[in-house]
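> need the 3D shape of this:
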Amino acid sequence: MARLSKFVLLLMLAVPVWAQRQMSVAQLEEFVKSSIQLKHKDKDVADIVKTLRLTQKISASTIEDLQGYGAGPRTLEALRALIPITAALPTPPPPAPVAPVFTLPPPTAAEQAAILEEVRRNSLDYTDGLPNFICTQVTRRYIDGSANGFWQLNDTIQEQLSFVDKKEDYKVVLVNNLPVKNVSHNQLGGTTSSGEFGTMLYQIFKPATQAEISWERWATLRGRRTHVFAFRVLQKNSEYLIADQTSGREMIGGYHGLLYADPETKMIMRLVMDVDGLQNFPIQRIHLDLNYDFVEISGRQYVLPLKAELTSGTARYASRNDVEFRRYERFSADAKIIFDVPDEIPADQLQEQPINK
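Here you go, the predicted structure:
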């Protein structure tokens, strides 16, 4: 039976509350530039700018830069109106200095081939090496009603995830910190996904997929030097199923992205990908950033999912699921359910850093 990674999106009718939203000057610049790139109407952008409350002084030079970037006349008028309003506020800090780039030669072609072969074997056999375990899965779902990158938390879901005999089972425990009963993972609505425990890796590396994989660069991830490979899976060879609940349509998407492999264990530690072929589909973009980490269960180290960030949407709407996997332990029938939501994983544990010497 084919293993399918499944992505389901329900476009919820939600609009962010923009009125009196606090924003730094850098965030304002990002908002305006994003609106220009997405070809949002000048009037709509200006109307949002008028509702914003800046936390820093905006300068005429900043507005001139945005004018050069393509901001419309109504947006510029709304921005200029902020100059006297913000005159007494603190000046934005200068940009952080750019760290010097340390370069390292890539492995030879023969070394790259050997690394990829070991990574391939480990990925295809990934679930075979996992124990039966349980963990806490916390999903924070965000929405952005204008697709400008300004997210609002919509809900927080805590589930007890059991992985037994290579199968995942979800039990919803809390929704917005309130206990729930008899609510299944598939009844949550909104954006959901599955396949974090090895399915995506299996699909990329199995021979039938014919993935194109090539050396990209070195990087540092969670303090460890890491191999980075670029990959692409053509739509005709893909099994990545996308279902839009609003229209009832489904499709198989191709995808491309980056694979981060640990040089010592030859295990994938991060998978970043974008879905291809969505031009004529209601969902116009899907981005996945999946991080793995070393986790101890019963005195033994395993590589297990740490966090998955799934972003999707249309030109006018976006949703983002931040899915964290915490409190791993060996499975037992009498495992206790913990009714509290852990703090979010710090961002510096998830972001690529320049290679260190």
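> residue nearest the centroid of the protein?
Residue closest to the mean C-alpha point of the chain, counted by Cα atoms, centre = their mean, is Glu309 at 2.6 Å.
> let me know the pLDDT of it.
Looking at Glu309, its pLDDT reads 94.
> how's the chain carved up into domains?
With domains defined by automatic domain parsing, the chain comprises 25-85, 105-349.
> can you give me the end-to-end distance of the last one?
To tie it back to what came earlier, the one meant is domain 105-349. Using Cα to Cα, to the nearest Å, one end of domain 105-349 lies 25 Å from the other.
> quick one: which of the domains of the chain is nearest Ala96?
For Ala96, the closest of the domains of the chain is domain 25-85, at 11.0 Å, according to Cβ to Cβ. The way it works is simple: take the backbone N, C-alpha and C, and place the C-beta from them, glycine included.
> hey, where'd the strands end up in the stretch 1-150 of the chain?
Taking DSSP state E, counting those that start in this stretch, the strands of the stretch 1-150 of the chain run over residues 6-9, 22-23, 53-54, 133-144.
> how about these in JSON lines, adding mean pLDDT and mean neighbour count?
Listed next are the strands of the stretch 1-150 of the chain as JSON lines, based on pLDDT from 0 to 100; neighbours: other Cβ atoms under 10 Å:
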{"stretch": "strand 6-9", "mean pLDDT": "49", "mean neighbour count": "20"}
{"stretch": "strand 22-23", "mean pLDDT": "86", "mean neighbour count": "14"}
{"stretch": "strand 53-54", "mean pLDDT": "92", "mean neighbour count": "16"}
{"stretch": "strand 133-144", "mean pLDDT": "92", "mean neighbour count": "22"}
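> low-confidence stretches in the stretch 201-350 of the chain?
The stretch 201-350 of the chain contains no residues with pLDDT under 70.
> rerun that using 90 as the cut-off
241-248, 313-318, 332-350 (pLDDT under 90).
> count of residues packed around Ala113?
12 (other Cβ atoms under 10 Å).
> relative to Glu168, how far out is it?
Ala113 sits 33 Å away from Glu168, taking Cβ to Cβ, to the nearest Å as the criterion.
> would TSV of the strands of the stretch 1-150 of the chain with distance to Ala60 be doable?
Compiled in TSV, the strands of the stretch 1-150 of the chain are given as follows (distance: least, Cβ to Cβ, whole Å):
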stretch	distance to Ala60
strand 6-9	42
strand 22-23	18
strand 53-54	14
strand 133-144	29
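> roughly how far out does the host helix or strand of Ser319 sit from the chain middle?
Counting by DSSP states H and E, the element that carries Ser319 is strand 318-330. Taking the mean of its C-alpha atoms, strand 318-330 sits 11 Å from the chain's own mean (Cα atoms, centre = their mean, to the nearest Å).
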